[in-house]
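Chemist: Next one to model:
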Amino acid sequence: MTGRYTPAGVRTGATILRVMPAVAADLRTKEKHGYEATRFKIQDLRFKKEIVREVRGGETPQAGMIVKVEEILKPGDTVRVTGISKGKGFAGGVKRHGFHGGPRTHGQSDRERAPGASGTGTTPGRVLKGKRMAGHMGNVKVSVSGLEVLEVNPDKDEVVVRGSVPGANKFTLLTVTKEV
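Modeler: Residues are numbered from 1 along each chain as shown. Here you go, the predicted structure:
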């Protein structure tokens, strides 16, 4: 993340995204699971691997056509950024769900961050599925909507968006979708 000034002169938080050109691998795929999509291949030169993604709807590009960021995005557009959030490992109920814990007084010396009771009464007499408890936190697919494009730099293959995006620093594979 970094900071940028808006045209009104207000400093705001911004994220610089490095966008790789995508090559349309094939024409529209057959209808699958109730939708049609186009496959795109992205050649990542740093890690020497090929990334294949399906994109639903939109115009159908010619096979082999290179889609560049400056053809799709311009400053002022609103985008949705989707990626895998940072993993935080095993977390307790206070950190993971915002539980308040028990009282700090009345002899509760070691129960401040404990979750408390987790089961039900005699009926049904078990812990119900989906109960908010301690467990693995983060490392899930997250989308951030309504991010404004501040700059598009085609010579550097960069897009600057207002706000933060999911994922770790340096390298995280993100999907940027233009919102209508």
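Chemist: what about the protein, any weak spots by pLDDT?
Modeler: 26-33, 43-48, 57-60 (pLDDT under 70).
Chemist: what about the strands in it?
Modeler: Per DSSP state E, the chain carries strands over the ranges 2-5, 11-18, 22-24, 37-44, 49-56, 66-67, 78-84, 89-91, 135-137, 141-153, 158-162, 175-178.
Chemist: The shortest one pairs with which strands, parallel or anti?
Modeler: Paired with strand 66-67 in the same sheet, following DSSP bridges, are strand 22-24 (antiparallel).
Chemist: separation between H106 and G93?
Modeler: 20 Å (C-beta to C-beta, to the nearest Å). (Each C-beta comes from the backbone N, C-alpha and C, glycine too.)
Chemist: If you count neighbours, what's buried in stretch 65-85?
Modeler: Using 16 or more other C-beta atoms under 10 Å as the test for burial, stretch 65-85 gives V67, V69, I72, L73, D77, V79, V81, T82, G83, I84, S85.
Chemist: can you give me how far it is from the chain middle?
Modeler: 14 Å (C-alpha atoms, centre = their mean, to the nearest Å).
Chemist: End to end on it, go ahead and measure it.
Modeler: Across stretch 65-85, the terminal residues are separated by 31 Å (C-alpha to C-alpha, to the nearest Å).
Chemist: contacting residues around that stretch?
Modeler: Applying C-beta atoms under 8 Å, 6 or more residues apart in numbering, the contact partners of stretch 65-85 are 17, 19, 21-24, 40, 61, 138-152, 154, 157, 159, 161, 165-167, 172-179.
Chemist: Buried only: go through these for me.
Modeler: The neighbour count (16+ other C-beta under 10 Å) marks 17, 19, 22-24, 40, 61, 144, 147-150, 152, 159, 161, 165-167, 174, 176 as buried among the contacts of stretch 65-85.
Chemist: Contacts made by stretch 153-164 with the rest, please.
Modeler: Under C-beta under 8 Å, 6+ apart, the answer for stretch 153-164 is 1, 4, 12-21, 68-70, 73, 79, 81, 144, 147-152, 176.
Chemist: again, but for stretch 101-114
Modeler: By C-beta under 8 Å, 6+ apart, stretch 101-114 touches G92, G93, V94, G116.
Chemist: partner residues bridging T82?
Modeler: Applying DSSP bridges, one finds that T82 bridges with S143, T175.
Chemist: err, A22, not the other one
Modeler: I42, V67.
Chemist: quick one, what contacts it?
Modeler: Counting by C-beta under 8 Å, 6+ apart, A22 has contacts F40, K41, I42, R53, I66, V67.
Chemist: If we use 10 Å, what do you get?
Modeler: 38-43, 51-53, 55, 61, 65-69, 72 (C-beta atoms under 10 Å, 6 or more residues apart in numbering).
Chemist: Can you give me the distance of the closest residue to P61 other than its chain neighbours to K170?
Modeler: In space, P61 comes closest to A24 once its chain neighbours are excluded; the distance is 4.2 Å by C-beta to C-beta, 6 or more residues apart in numbering. Using C-beta to C-beta, A24 is found at 28 Å from K170.
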